[in-house]
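1. could you look at this predicted model? Sequence included:
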Amino acid sequence: MADSSIWFFLQKLTNLAIKEASLFGEVDEQITMLRNELQWMRLFLRQAGANNAFDERIRLWVNQMRDVCFDAEDVVDEFMFKMEPIYQKRLNNFKCLRPLASCICFADKLPFAHDLKARMEKINTAVGKILVNKTRYSVEDLIPKYGEENRRGLVPWRFSEEELQPIETLWDPDQKVEELGLAEMQERVKYMLIKEESAETGVVSIWGMGRLGKTTLARRVYNDSHIKQQFPRRAWVSVSQDYSIGELLMRIANSVMTLTPQHKRTVKEGELGNMLRLFLESKKYLIVLDDLWSSQVLDVLSSHFPPSNQSRVLITTRYLEVAQHARSLVLVIRPLDRVDSWDRFLKMVFRVTSTTQPAIKLQSGLEELKEAVLDKCNGSPPTIALFGGLLSRKQKTQELWNQVLQRITQHGDDQSFYLLLLSWSYNDLPFYLKSCFLYCGLFPEDDEINTRKLMNLWIAEGFVPMRGEVTPEEAAEDCLEELIQRSLIHVGKRRLNGGVKSCYIHEQVRSFIISEARNSKFFEVCKRIHCTTPLIPRRLSFHHHVINDHTSQRLNSSHLRSLICFSTECLAQKSLDSLIQGSKLLTVLDLEGLCGINELPRKIGRLIHLKYLSLRRSSITRLPKSIGKLANLQTLDLRNGYIDRIPHPVWKIRQLRQLYTGMVLNASMGVGQLTNLQTLDTREASGCSKGVDLRKLTQLRKLKIHFSTNFNLELMPFSYHSYLYKMFLIGSLNKLPKETKFYPPNLMELRLSDSALEADPMPILQELPNLRNLQLLSSSYKGTNMACSSNRFLRLESLTLSGLGKLEELKLEEGAIPGLMSLEIIKCPQVRVLLHGLLHLKNLGQVKLRRINPQLLEDFESSEGEQFDRIRFITSII
């Protein structure tokens with residue numbers, strides 16, 4: 001991590017020096033000296049980083065360099081923080097519109113420049129001493145020279161940019177080979193949960209050794225749309241060895257019911273259990289207890305679950321006695337055999353769906369490697385996936401296979417081989433991906449991580465490297481996909497367009513992240529009610545507890561860059577005021593779901609480095625005008641809260657890229673000034689139909705508008721929004737414009753809800769040349785018939801019809817929607833004519849029917865022929 005810290009600081013220093021050169025006029029020599037030294041040190045640290053676990057001297061030296069880099073970053077940011085009030089004052093007095101540096105005269109900055117120079121001299125002196133110690137204590141001799149590490153077998157592969165394939169050629173995750181038998185096991189568990197009588201206890205167990213994919217299987221079942229329909233109330237908790245019954249009950253209760261802040265703060269374990277039992281009494285629920293080690297835990301928790309022949313508890317455990325004690329139906333997961341293991345390994349390494357390809361057959365040295373790989377992986381799918389993900393990023397040469405063979409044969413303990421692979425995979429990551437990967441550890445262990453939020457946080461932190469014309473959001477998606485390719489993080493749920501909606505990390509990976517983050521001072525996570533040890537974090541995440549006055553006194557926030565809350569009462573008003581007062585370097589402030597605080601402190605406007613601010617679902621009712629001073633703010637999330645007005649100065653924040661609001665926007669607000677806006681999500685848009693503002697937002701990628709009155713799209717054409725690829729329009733439309741010029745030329749996703757269209761929308765929408773995903777939801781169409789013409793919708797891949805109460809027929813002419821892969825029809829009870837139109841759709845791989853007409857169901861079940869059998873095979877009906 002030390003090389004990552006240096007790289008991020010060097011980027012910041014270089015960009016700032018270019019942008020505001022004259023601010024550093026007095027300290028140019030010290031800045032240049034530090035930059036040059038750090039550039040050399042980073043090259044050395046990249047080689048030392050993988051070795052620092054092997055020698056205390058290396059570890060000490062790397063840690064000292066990291067701390068110096070942190071100090072230097074703080075010094076520069078504090079200097080900019082002190083200069084900001086002077087800039088604002090002169091800007092107001094002289095109406096100066098020039099850059100920051102030209103607005104500040106020499107006399108204004110002289111005192112701060114002297115202080116900056118003195119502090120930089122100290123940092124350069126400290127760097128010099130560290131370099132002297134490197135030589136004095138022979139640290140450099142402890143690090144293998146290039147090529148020597150292969151002979152000594154001490155360290156994993158170093159990351160090499162030359163070894164990476166361009167991101168465009170990454171193996172499509174949707175083509176990634178399934179873990180053998182996983183789909184079949186998923187269906188078996190679903191059947192046990194839904195169809196079979198799950199013994200007298202209503203418990204289903206997934207049992208097997210560690211690292212066989214029990215959690216992955218349970219996650220897939222838990223996120224299955226059929227399971228969601230069957231069990232409206234669901235909860236997932238990871239139990240493990242270190243557990244508290246009270247915390248487990250609280251996490252279950254938070255998932256299935258709404259607790260008041262008062263209850264969360266004062267409720268006792270027994271009372272909470274009684275509340276949970278009473279609430280679930282008449283509900284269909286599914287509780288997942290992942291990684292259960294003790295039958296006693298199940299006994300205690302089950303006493304708070306009301307008995308029901310329709311509700312279920314799903315457990316994963318590595319102990320057969322736990323599964324037997326539960327008197328449950330048991331699915332046994334066994335290791336892959338050696339044939340399947342090797343097949344899986346090759347598919348991961350070469351990113352192919354078949355191991356018969358010539359590229360694999362011609363590989364010299366693979367056979368010598370085979371037995372050693374199989375012995376070490378021991379039939380464990382996660383281990384095979386992690387190993388294959390690591391090697392997939394390497395040049396496939398004889399030398400590589402020899403290195404792999406040498407290293408794994410030197411490691412004798414098969415049980416800890418997964419942890420060794422995890423360390424290798426982490427050290428093999430590019431510097432920016434190390435930070436992205438570690439950041440996942442800030443999220444609670446039971447939560448699936450919202451990837452959109454995760455990527456916005458990466459961007460705000462500066463982790464995502466820019467390249468060419470690629471936007472930060474696109475670059476962040478590439479980072480996410482690469483971590484998935486390497487099997488370091490896993491897909492939780494996907495969007496209909498194939499994008500990743502949520503992700504998660506395995507428990508062992510999370511433990512590794514927490515340990516690495518703590519050692520590298522990357523972040524701290526607080527879980528307990530009282531933090532008794534002094535905290536001086538750079539990033540801080542609070543889980544399931546309250547910061548009280550005692551805790552606040554032990555929290556030194558002067559170096560804090562990110563504060564993320566995952567508890568509704570992790571902060572009181574006084575604590576928040578104190579944090580903002582002391583956290584002048586804050587970049588991320590995430591108060592999502594926070595209760596008990598009505599307003600942000602006015603001093604929040606002093607946080608000039610703040611780039612991400614989320615008040616989503618919080619109790620905050622008012623934004624201070626000073627928020628308009630947050631000139632670097634990129635993401636502002638106000639959804640599902642109580643804020644009903646945005647101060648006018650916000651519209652002058654030109655760096656804003658993501659704006660999520662829950663209030664009325666109109667033309668007079670100045671939305672059109674946000675010319676860098678990539679995402680606009682607003683509940684209502686009053687006056688936007690005049691086209692005054694949205695026409696100017698030509699950088700938009702995603703647009704969601706909820707309007708209460710009839711909305712005329714012809715008054716607001718999107719023909720100049722060439723980047724806009726995703727639209728979600730909620731509310732009544734007069735009609736759909738017939739001419740394609742009124743639509744974004746590159747629109748790929750369109751969702752309409754409550755549109756109340758009287759005319760069939762298909763003849764118009766089928767002319768949109770790039771449309772891939774179409775969703776017509778909740779009364780978006782009031783007619784009885786839909787028809788798709790031949791040779792139209794040529795690029796459409798996914799079609800969803802939901803809540804269309806009057807629709808009777810979906811007619812698909814032969815040649816229509818030739819590329820359709822997914823069709824969902826939900827809550828359309830009048831649809832009777834459908835099946836024959838599906839026969840010519842050769843690419844159709846999934847049909848989901850929910851709450852459909854009995855006649856249509858009978859049609860599906862009674863039709864005969866090979867083509868009908870194919871359609872039935874890919875169709876799920878609830």
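-> Structure's in. What do you need?

2. and the strands in the stretch 201-350 of the chain?
-> Per DSSP state E, counting those that start in this stretch, the stretch 201-350 of the chain carries strands over the ranges 203-207, 233-238, 285-290, 312-317, 329-332.

3. again, but for the stretch 601-750 of the chain
-> Counting by DSSP E, counting those that start in this stretch, the strands of the stretch 601-750 of the chain are 612-614, 635-637, 658-660, 664-665, 679-682, 684-685, 702-706, 726-730, 749-753.

4. closest to Asp375 out of the strands of the stretch 201-350 of the chain?
-> In this view, these are compared for proximity to Asp375 by CB to CB, and strand 329-332 is the closest at 22.9 Å. Every residue, glycine included, has its C-beta placed from N, CA and C.

5. and the closest one, average pLDDT?
-> Rounded to a whole number, the mean pLDDT of strand 329-332 is 90.

6. contacts for that strand?
-> Taking contacts as CB atoms under 8 Å, 6 or more residues apart in numbering, the residues outside strand 329-332 that touch it are 185, 188-189, 192, 196, 198-199, 203-208, 323-324.

7. partners of that strand, with directions?
-> Within its sheet, strand 329-332 is paired with strand 203-207 (parallel), according to DSSP bridges.

8. picking up where we left off before, closest to Arg510 out of the strands of the stretch 201-350 of the chain?
-> strand 233-238 (9.0 Å).

9. related to what we said a few turns ago, closest to Leu289 out of the strands of the stretch 601-750 of the chain?
-> Using CB to CB and comparing these, the one that lies nearest Leu289 is strand 612-614, at 30.6 Å.

10. residues contacting the closest residue to Glu809 other than its chain neighbours?
-> When the adjacent residues along the chain are set aside, Glu809 lies closest to Val833, with 4.0 Å between them (CB to CB, 6 or more residues apart in numbering). The contact partners of Val833, by CB under 8 Å, 6+ apart, come to 808-811.

11. filter the contacts of strand 329-332 down to the buried ones.
-> In the contacts of strand 329-332, burial by neighbour count holds for 185, 188-189, 192, 198, 203-208, 323, counting by 16 or more other CB atoms under 10 Å.

12. just flag the most distant two among those residues.
-> Farthest pair in these, by CB to CB: Ser198 and Gly208, 18.6 Å.

13. out of the buried ones among the contacts of strand 329-332, which one has the weakest pLDDT?
-> Minimum pLDDT across these is recorded for Ser198, with 55.

14. for the longest helix along the chain, the distance to its chain's centre please.
-> Secondary structure assigned by DSSP state H gives helix 56-94 as the longest helix of the chain. Between the centre of helix 56-94 and the centre of its chain there are 29 Å (CA atoms, centre = their mean, to the nearest Å).

15. helices or strands up against that helix?
-> Secondary-structure packing of helix 56-94 (3 or more CB pairs under 8 Å, 6 or more residues apart in numbering; DSSP states H and E): helix 2-19, helix 28-48, helix 100-103, helix 106-136.

16. for the ones you listed, which has the smallest mean pLDDT value?
-> Per-stretch averages of pLDDT across the helices and strands packed on helix 56-94 put helix 100-103 at the bottom, with a mean of 49.

17. distance between the ends of stretch 555-571?
-> Start and end residues of stretch 555-571 are separated by 13 Å (CA to CA, to the nearest Å).

18. list the buried ones in that stretch?
-> Neighbour count says stretch 555-571 has 555, 557, 559-571 buried, by 16+ other CB under 10 Å.

19. in the sheet, who's paired with Arg233?
-> Beta-bridge partners of Arg233, counted by DSSP bridges, are Tyr285.

20. from Met257, how far out is it?
-> The gap separating Arg233 from Met257 is 8 Å, by CB to CB, to the nearest Å.

21. cool, Leu278 as well?
-> Separation of Leu278 from Met257 (CB to CB) stands at 10 Å.

22. neighbour count winner among those two?
-> Met257 (16 against 12; other CB atoms under 10 Å).

23. who are the neighbours in contact with that one?
-> Taking CB under 8 Å, 6+ apart, we find Met257 in contact with 233, 275-276, 279.

24. for those, which one is nearest Ala372?
-> Once CB to CB is applied, the member of the contacts of Met257 that ends up nearest Ala372 is Arg233, at 47.9 Å.

25. so that closest one makes contact with Lys283?
-> Yes: under the contact definition of CB atoms under 8 Å, Arg233 touches Lys283, with a separation of 4.9 Å.

26. which residues are common contacts for those two?
-> Shared contacts of Arg233 and Lys283, defined by CB under 8 Å, 6+ apart, are found at Val256.

27. can you give me the offset of stretch 266-286 from its chain's centre?
-> Between the mean C-alpha point of stretch 266-286 and the mean C-alpha point of its chain there is a distance of 31 Å (CA atoms, centre = their mean).

28. what is the end-to-end distance of it?
-> This stretch, stretch 266-286, spans 26 Å end to end (CA to CA).

29. list of residues touching it?
-> Counting by CB under 8 Å, 6+ apart, stretch 266-286 makes contact with 193, 222, 227, 230-235, 245-246, 249-250, 252-253, 256-257, 259, 263, 303-306, 308, 310-314, all of which sit outside it.

30. just put the strands of the stretch 201-350 of the chain in TSV and tack on distance to Ser619.
-> Conversion of the strands of the stretch 201-350 of the chain to TSV gives the following (distance: least, CB to CB, whole Å):
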stretch	distance to Ser619
strand 203-207	39
strand 233-238	24
strand 285-290	28
strand 312-317	34
strand 329-332	44
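
31. and those strands: which comes nearest Lys704?
-> Between Lys704 and the strands of the stretch 201-350 of the chain, the tightest spacing by CB to CB is seen for strand 233-238, at 26.2 Å.

32. where in the stretch 151-300 of the chain is pLDDT low?
-> 151-181, 196-201, 261 (pLDDT under 70).
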